[in-house]
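Engineer: what's the 3D shape of this:
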Amino acid sequence: MKKTYIIVFLLVIITASVKSQPSLDYWNYARYLKLSAGTVSPGTDFSDTSESGLFAKDGYQIGLDYNLFLTYGFGFGFDFEFNRFRFNEEAFFSYANPDYMKIGPGYSSTKFGLNLIYNIPVVVHPDAFTINLFIEGNAGLRGMSIPSIDLEYDEIVNYYVDITYMSRSSVMGYLGYNTGVQLIFSNRFGVNVSYNTVIPRRQSIRYSVRKFNASGDLYEDESYVSNNLDHTGLQFGIMFIFGK
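Structural biologist: This is a model prediction of the structure:
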């Protein structure tokens, strides 16, 4: 059923586009605010599907974009995006093999970036309906944190009986892109459907470890996990247009 809806949706867009012409001056000196949400999937080396992965599972994303346009469909702006990845507790429990385990919320990532965007607007009706195809490059800073993890062991099988992993501040750069289609109504508002990704790049997430042995002695250490932390996602949103 979902495939049928997608096919019908694409046929409507293609049919409308064939009867119209691109208008690269459509966005001249206009701007828009876009609010979006959707699904997000960790890359292979980040996910629970890889033997060397970090136990991340599919999650959700929310975002905000503000873009300004010059001429010929080119524009620039900035974006904010928050990602939450679920954590495969069952797989980690099997890996760590504790007697007891407690895990906080999954991986989280917050991104602040700049956009460079190119549009191909197809004006179906000047005052009523426009189809906008776009591709947007993203670059900026990304904060990343691991879930908090508490593990308890029997002193007979493990020297440390209580181990706690806690996230530390980790900031890194990122590169990505976002591409999709926007349906614009009355030159004032629209809907957005797009695919976005962060390009694979080996990066590190810092964390601290606190360990207690059976005698109550405390050991503390700082460490990190290092892997490709890329992801892909689908965004669905609404946009508000100004200056048209």
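Engineer: in the chain, which residue is closest to the centre?
Structural biologist: For the chain, the residue sitting closest to the mean C-alpha position, by Cα atoms, centre = their mean, is Asn83 at 4.9 Å.
Engineer: Let me know the helix or strand that that residue is in.
Structural biologist: Take DSSP states H and E as the rule and Asn83 turns out to sit in strand 74-87.
Engineer: by contact count, what packs against that strand?
Structural biologist: For strand 74-87, the packing partners by 3 or more Cβ pairs under 8 Å, 6 or more residues apart in numbering; DSSP states H and E come out as strand 31-42, strand 56-69, strand 107-125, strand 231-242. From N, CA and C alone the C-beta is placed, and that goes for glycine too.
Engineer: Serialize the ones you listed to TSV and add fields for distance to Tyr160 and mean pLDDT.
Structural biologist: Output for the helices and strands packed on strand 74-87, formatted as TSV (distance: least, Cβ to Cβ, whole Å; pLDDT from 0 to 100):
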stretch	distance to Tyr160	mean pLDDT
strand 31-42	29	97
strand 56-69	25	96
strand 107-125	24	94
strand 231-242	33	96
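Engineer: Which pLDDT does the model give the closest residue to Gly43 other than its chain neighbours?
Structural biologist: In space, and not counting its chain neighbours, Gly43 is closest to Asp230: 3.7 Å by Cβ to Cβ, 6 or more residues apart in numbering. Looking at Asp230, its pLDDT stands at 95.
Engineer: Tell me how far Asp230 lies from Ala96.
Structural biologist: Per Cβ to Cβ, to the nearest Å, Asp230 is found 25 Å from Ala96.
Engineer: And the residue of the chain positioned farthest from its centre, its phi and psi?
Structural biologist: Most distant residue from the mean C-alpha position of the chain: Ser215, 43.9 Å away (Cα atoms, centre = their mean). Per-residue torsions, Ser215: phi -90, psi 0 (degrees, to the nearest 10).
Engineer: any idea how far it lies from Thr164?
Structural biologist: 17 Å.
Engineer: Next, the angle from the regular element (helix or strand) spanning Asn178 to strand 107-125.
Structural biologist: Element membership of Asn178 [criterion: DSSP H and E] is strand 171-185. Strand 171-185 runs at 30 degrees relative to strand 107-125, counting by axes from the mean of the first three to the mean of the last three Cα atoms, to 10 degrees.
Engineer: Work out the gap between the next helix or strand after strand 171-185 and the centre of the chain.
Structural biologist: The element immediately downstream of strand 171-185 (helix or strand, assigned by DSSP H and E) is strand 189-198. Distance of strand 189-198 from its chain centroid, counting by Cα atoms, centre = their mean, to the nearest Å, is 12 Å.
Engineer: average pLDDT for strand 189-198?
Structural biologist: Strand 189-198 comes out at a mean pLDDT of 96.
Engineer: list the helices and strands that strand packs on?
Structural biologist: Using 3+ Cβ pairs under 8 Å, 6+ apart, strand 189-198 sits against strand 31-42, strand 129-145, strand 171-185, strand 231-242.
Engineer: do that again at 10 Å, thanks
Structural biologist: strand 31-42, strand 56-69, strand 74-87, strand 107-125, strand 129-145, strand 171-185, strand 231-242 (3 or more Cβ pairs under 10 Å, 6 or more residues apart in numbering; DSSP states H and E).
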